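Visitor: Here is the input, now give the coordinates:
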Amino acid sequence: MRYRLFLFDLDDTLLDFKASERLSFVRTVQQLGHHEVSDSLFAQYQAINTALWRSFETGGVTKEFLKVERFRQTFAANGLALDPAAASALYLESLSETVVLIDGAQALCAQLAAAGEVGIITNGVDAIQQRRIAASGLGQYISFIATSEACGYAKPDSRFFDYAVGMARAAGKAETIIVGDRLDADILGANRYGIDSCWFNPDHLPNTSEAVPTYEVARLDAIPPALL
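Guide: This is a model prediction of the structure:
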């Protein structure tokens, strides 16, 4: 068997973050007293949030700033007199409770854990990601969770991957593979660090980036035949 260490991105690879994100956003805004949460309001939040995360990954903003700023910008753009700091706290609390698994995630983790070691690599908020994994039922298959918050560096920085691999029991680069949905963070990070990668691409998106995945799959159940 070629691979012994399987490093998984969490959101939109094992957990359906888009589903959790929408549920948590709606719940948060309603708890603050704004009960009509439109699709356009959520879409604006998503665009702002994505831009801020990209900035965080390149060192432009801190995670603490991001957590509140995404709500401040969204509320300001829509003339909503809501407290962005309160929204941030409510949202993060809700996010840890609204966990939705990607189809096949549990079976995949069980199979790979029996064959080697499964680790999580995430740029998400450390405490929230820990709680989401616990709520997901995947924790029994996961050996360690590497977060950018604990590391001090974020994907795709090679120092983050060095930190993550250092948490594993024992595996060389040739025995390690990253599985993730994002070309710019997961696959490019693997390329820069010098390890193989598997791009989880359920929407069959074109790859117009500089990232080069070793494998590409559209379903999680296609991963074991490719890697084992």
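Visitor: now Ala226: how far from Ile195?
Guide: Here Ala226 is placed at a distance of 15 Å from Ile195 (CB to CB, to the nearest Å). From N, CA and C alone the C-beta is placed, and that goes for glycine too.
Visitor: ok, now Ile177?
Guide: Ile177 is 7 Å from Ile195, by CB to CB.
Visitor: which of the two has more neighbours?
Guide: Ile177 (26 against 22; other CB atoms under 10 Å).
Visitor: Can you tell me the SS state at the more buried one?
Guide: Look at Ile177: counting by DSSP: H, G, I helix; E, B strand; the rest coil, its state is strand.
Visitor: so it touches Leu5, yeah?
Guide: Yes - counting by CB atoms under 8 Å, Leu5 is a contact partner of Ile177 at 7.4 Å.
Visitor: what residue ranges in the chain score low on pLDDT?
Guide: Applying pLDDT under 70 to the chain picks out residues 1.
Visitor: Please enumerate the strands of this protein.
Guide: Here the chain has its strands, by DSSP state E, at 5-8, 117-122, 144-147, 176-180, 196-200, 215-217.
Visitor: counting contacts, what elements does the lengthiest helix in the chain pack onto?
Guide: In terms of residue count, the longest helix belonging to the chain (DSSP state H) is helix 39-57. Here helix 39-57 touches helix 17-31, helix 63-77, going by 3 or more CB pairs under 8 Å, 6 or more residues apart in numbering; DSSP states H and E.
Visitor: quick one: it to helix 63-77, angle?
Guide: Counting by axes from the mean of the first three to the mean of the last three CA atoms, to 10 degrees, helix 39-57 lies at 150 degrees to helix 63-77.
Visitor: Can you give the contact residues for helix 39-57?
Guide: 21-22, 25-26, 29, 61-63, 66, 69-71, 73-74, 77-78, 123, 154-156, 184-185 (CB atoms under 8 Å, 6 or more residues apart in numbering).
Visitor: can you rerun that using 7 Å?
Guide: When contacts are defined by CB atoms under 7 Å, 6 or more residues apart in numbering, helix 39-57 is touched by residues 22, 25, 61, 63, 66, 69-70, 73-74, 77-78, 123, 154-155, 185.
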